[in-house]
Structures are given as structure tokens and as C-alpha cells.
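Colleague: coords please:
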Amino acid sequence: MAIFFNSQHNNFKLKQGNKIKSWIKRIVELEKKQIGQIHFVLTSDEELLKINQQFLKHDTYTDIITFDYSENKILSADIMISVDRVGENAGKLKTLAQEELKRVMIHGILHLCGYKDKSKVDSELMRKKENWALKKFE
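Modeller: Numbering: from 1, shown residues only. Below you'll find the predicted structure:
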């Protein structure tokens with residue numbers, strides 16, 4: 001049972017890694033789930049685009065792709081995040097890149113917990129859960 005971070009992006013350094021791990025574990029527990037193995041891969045726009053094209057057949061940039069290997073209530077996944085996209089979105093949202101990264105990370109975790117974001121109603125609930133989870137970080 002573990003959470004791993006792997007940065008493949010030369011210009012990015014994850015801050016508060018241990019605190020983020022503890023926070024994610026707490027959110028997962030509050031959702032009545034358990035951590036199996038979750039691998040966060042922090043990469044570039046170009047690398048995530050290649051993955052999006054190869055595995056999902058989408059020819060678009062994205063901030064996150066989650067490969068879910070969960071079974072029952074044990075969450076396991078590879079979560080790929082573009083730190084380029086996160087940084088750009090942070091600028092648009094007028095927030096810090098590290099704060100936007102936490103939102104994107106917990107977004108992936110909430111997907112593993114069963115939350116969706118394809119419909120307007122689901123998307124609103126997802127945003128509410130993200131905000132709830134982010135308040136637990138402080």
C-alpha cells in the first residue's frame with residue numbers, strides 16, 4: 001500500500017510530497033476506500049499527448065489521464081499529469097501551480113473513488129468534492 005511520485009519533467013520539483021501522500025490517504029479513507037499502489041507520473045504536455053493518442057485515441061492535450069487498476073475498495077492506478085498543462089491552467093485560474101497540481105491529483109483520486117465528470121451534474125459534484133478535499137489539506 002503506497003503512493004509514488006515520479007517526475008519526468010526537468011523543470012518541475014514536487015513540493016510537500018510526504019504531506020500530499022498523507023492527505024491523499026486521508027481522503028481515500030474518508031471515502032471508505034484503501035490505497036493499493038498509486039503511481040503519479042508528472043510529465044510534459046508532449047508526453048501526455050502521446051499517451052492520450054496511443055491509449056485513448058484522443059488527439060488533444062489534457063492535464064490528467066488516469067489508468068485505473070482498482071479492485072473492490074482497493075485503489076490502484078497510474079495517474080499521468082502534465083505539469084505544463086497544470087502550470088498553464090494555474091495561470092488562467094490565477095492560482096499557484098502547486099495548488100492546481102493538488103486539485104488535479106485529487107481529481108484523479110476522486111475518479112478512482114467512483115466520481116464522474118462527464119455530465120453537468122457529475123461535474124458539479126466532482127468540483128464540490130475537490131474543494132472539500134482541498135480544505136482537508138491545510
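Colleague: now the strands: where do they sit in this protein?
Modeller: 2-7, 34-43, 64-68, 74-82 (DSSP state E).
Colleague: Quick check: nearest residue in space to the residue nearest the centre of the chain, chain neighbours excluded?
Modeller: In the chain, the residue lying closest to the centroid (CA atoms, centre = their mean) is Met105, at 2.4 Å. Excluding its sequence neighbours, the residue lying closest to Met105 (CB to CB, 6 or more residues apart in numbering) is Phe40, at 6.5 Å. Heads up, the C-betas are built off the backbone N, CA and C, glycines and all.
Colleague: and that neighbour, what is it in contact with?
Modeller: Contact partners of Phe40, counting by CB atoms under 8 Å, 6 or more residues apart in numbering, are 3-6, 79, 81, 105, 108.
Colleague: buried subset of those?
Modeller: 3, 5, 79, 81, 105, 108 (16 or more other CB atoms under 10 Å).
Colleague: before we move on, back to that, in the contacts of Phe40, find the pair that's most separated.
Modeller: Longest distance between any two of the contacts of Phe40 is 14.3 Å, between Asn6 and Gly108; criterion CB to CB.
Colleague: picking up where we left off before, pLDDT value on the residue nearest to Met105, please?
Modeller: Phe40 carries a pLDDT value of 97.
Colleague: So what sits opposite it in the bridge?
Modeller: Beta bridges link Phe40 to Phe5, Ile79, judged by DSSP bridges.
Colleague: And for Glu71?
Modeller: Glu71 has the following beta-bridge partners by DSSP bridges: Ile74.
Colleague: which stretches of this protein aren't confidently modelled?
Modeller: Judged by pLDDT under 70, the chain has no weakly predicted residues.
Colleague: for Ile79, what are its contacts?
Modeller: Ile79 sits next to 38-41, 64-67, 105, 108-109 when contact means CB under 8 Å, 6+ apart.
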